[in-house]
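In: Sequence first, then the predicted structure:
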Amino acid sequence: MVCALYYGWVQHLVLVDGHHLLYRAYWAIPRTLRTSRGEQVNTVFGVASMLLNLLRAEQPDALLFCFDAGEETFRHQENATYKEGRAETPDDFYPQIPRVIELLAAVGVRHVSDPRFEADDFLCSYAQAGCRAGMRVTIVSGDRDILQLANDQVRVAIPHKGYQATEYLGAAEVLAKYGIRPDQVASWKGLMGDASDNLPGVKGIGPKTASQLLQQYESLEGIYAHLADIRPAVRSKLEHDREQAFFCERMARLVCDIPLPVPLDELAMRDLPAETLQQFFDAFEFTLLTRRLREYLATEPGRRMFQAPAAMQVSKPAAAQDAAAQMALL
């Protein structure tokens, strides 16, 4: 992937798998967290907390959240059982999604979705567009499909502990951790499948064997072109599930040429409305997050990113016990 035009107003583009953060937040924060009005807000609080951590850690010049929009993407049309078998999402999760969208609007962060595609496809399309524009790209996601995008300009950030212990994977880290190159990820998943997407792959082939086969034969096509050279126990499994392997590979391969619904130049993180975000925190009684926002506004990156009156800024960090009160997010 060759980077070309450089956008002087932006150097670092951060793309967020919105549903990944939603689910992490939902399960990380006690479901008993409610406002004085009785509204459950654990997911909203968790996403807001991670967003503040992300802004501090990544200092993005541009930021976009990508969401799944429905259950009828082209993958569902090709495979009626795609993603079947996933655990049911609790009912108290869904009412909080509009509140998270309100949070993004309050902070001035754009988001995209489309019923025809998954969030991963938007992450891919924006990552490639950002790289072509000369940007450094960070993709925040825990989905291993995204690893196929890692290269010298694109890294994958897997958040842990509320973005306080984030794992970063570029091409070299993907190779070191999984034994494959990013361009082999789709073939790797074609072989071992993906239970989370209800894609079985080749029955009896796990991650280690899949990596070894790809190290030796480069691709799924290369593996099947050399079946005679593969030991009989593995060869019989490959022969039995050949069609399934190529189908699962196709399901795992991301779409990277979606027309961008929001242009790159509308993702800039500058002159954001700090007062509006504080009003959102006040409305949901997130007093701890209000304090953290004010601390961030006192930093140079915070001043560069937000518009805020001096009254919102503080000169000293919150006490250590306040940090502990964040409930050890994630």
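Out: Structure's in. What do you need? Numbers count the residues shown, from 1 in each chain.
In: State the number of residues packed around the closest residue to Val107 other than its chain neighbours.
Out: Nearest residue to Val107, sequence neighbours excluded (C-beta to C-beta, 6 or more residues apart in numbering): Leu277, at 4.8 Å. Just so you know, the C-beta spots here come from the backbone N, C-alpha and C atoms, and that holds for glycine as well. Number of residues near Leu277 (other C-beta atoms under 10 Å) recorded here: 26.
In: Let me know the pLDDT of Leu277.
Out: What the model reports for Leu277 is a pLDDT of 97.
In: What strand or helix carries it?
Out: helix 274-283 (DSSP states H and E).
In: buried residues in that helix?
Out: Using 16 or more other C-beta atoms under 10 Å as the test for burial, helix 274-283 gives 274, 277-278, 280-281.
In: Check stretch 166-181 too.
Out: Those buried within stretch 166-181 under the rule 16+ other C-beta under 10 Å are 166, 169-171, 173-175, 178-181.
In: State the distance from the closest residue to Phe286 other than its chain neighbours to Trp27.
Out: Among residues not flanking Phe286 along the chain, Phe45 sits closest, at 6.0 Å (C-beta to C-beta, 6+ apart). Distance, Phe45 to Trp27, by C-beta to C-beta, to the nearest Å: 13 Å.
In: who has more neighbours, those two?
Out: The neighbour comparison of Phe45 against Trp27 (other C-beta under 10 Å) goes to Phe45, with 28 against 15.
In: Next up, the contacts around the more buried one.
Out: Neighbour list for Phe45: 25, 29, 33, 284, 286, 289 [criterion: C-beta atoms under 8 Å, 6 or more residues apart in numbering].
In: Could you dump the residues you listed into TSV with secondary structure and distance to Gly206 added?
Out: Formatted as TSV, the contacts of Phe45 follow (DSSP: H, G, I helix; E, B strand; the rest coil; distance: C-beta to C-beta, whole Å):
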residue	secondary structure	distance to Gly206
Ala25	helix	31
Ile29	coil	34
Leu33	coil	39
Phe284	coil	44
Phe286	coil	43
Leu289	helix	42
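In: any idea which residue of this protein is furthest from its center?
Out: Note on the chain: the largest C-alpha distance from the chain mean falls to Ala228, namely 39.9 Å (C-alpha atoms, centre = their mean).
In: and the closest residue to that residue other than its chain neighbours, what helix or strand is that in?
Out: In space, Ala228 comes closest to Arg235 once its chain neighbours are excluded; the distance is 7.8 Å by C-beta to C-beta, 6+ apart. Secondary structure assignment for Arg235, by DSSP H and E: helix 232-240.
In: Now do the buried residues in that helix.
Out: Buried-residue list, helix 232-240, by 16+ other C-beta under 10 Å: 234, 237-238.
In: neighbours around the nearest residue to Gly46 once chain neighbours are set aside, how many?
Out: By the measure of C-beta to C-beta, 6+ apart, the closest residue to Gly46 outside its immediate chain neighbours is Ala25, 2.5 Å from it. The local packing of Ala25 (other C-beta under 10 Å) involves 25 other residues.
In: Tell me the spacing between Ala25 and Phe93.
Out: Ala25 is 10 Å from Phe93, by C-beta to C-beta.
In: With Pro30 instead?
Out: Taking C-beta to C-beta, one finds Pro30 at 14 Å from Phe93.
In: and after the longest helix along the chain, which helix or strand comes next?
Out: The residue-count maximum for a helix in the chain (DSSP state H) belongs to helix 42-58. Once the chain leaves helix 42-58, the next helix or strand it forms, by DSSP H and E, is strand 62-66.
In: Run the angle between that next one and helix 42-58 for me.
Out: 150 degrees (axes from the mean of the first three to the mean of the last three C-alpha atoms, to 10 degrees).
In: Okay, now the unreliable bits of this protein?
Out: 1-10, 70-87, 310-311, 313-330 (pLDDT under 70).
In: Show me how the record splits it into domains.
Out: Domain assignment for the chain by automatic domain parsing gives 1-179+255-330, 182-252.
In: Any idea how far the shortest one is from the middle of the chain?
Out: A distance of 25 Å separates the C-alpha centroid of domain 182-252 from that of its chain, computed with C-alpha atoms, centre = their mean, to the nearest Å.
In: got it, and stretch 177-184?
Out: 19 Å.
In: Report the secondary structure state of Val156.
Out: Here Val156 is recorded as strand under DSSP: H, G, I helix; E, B strand; the rest coil.
In: Next up, the contacts around it.
Out: If you count contacts by C-beta under 8 Å, 6+ apart, then Val156 has 138-139, 141, 146-147, 149-150, 168-170, 174 around it.
In: can you put those in a markdown table and add secondary structure and distance to Glu295?
Out: Below are the contacts of Val156 laid out as a markdown table (three-state DSSP; distance: C-beta to C-beta, whole Å):
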| residue | secondary structure | distance to Glu295 |
| --- | --- | --- |
| Thr138 | strand | 23 |
| Ile139 | strand | 27 |
| Ser141 | coil | 27 |
| Ile146 | helix | 31 |
| Leu147 | helix | 34 |
| Leu149 | helix | 33 |
| Ala150 | coil | 32 |
| Tyr168 | strand | 24 |
| Leu169 | strand | 30 |
| Gly170 | coil | 31 |
| Val174 | helix | 35 |
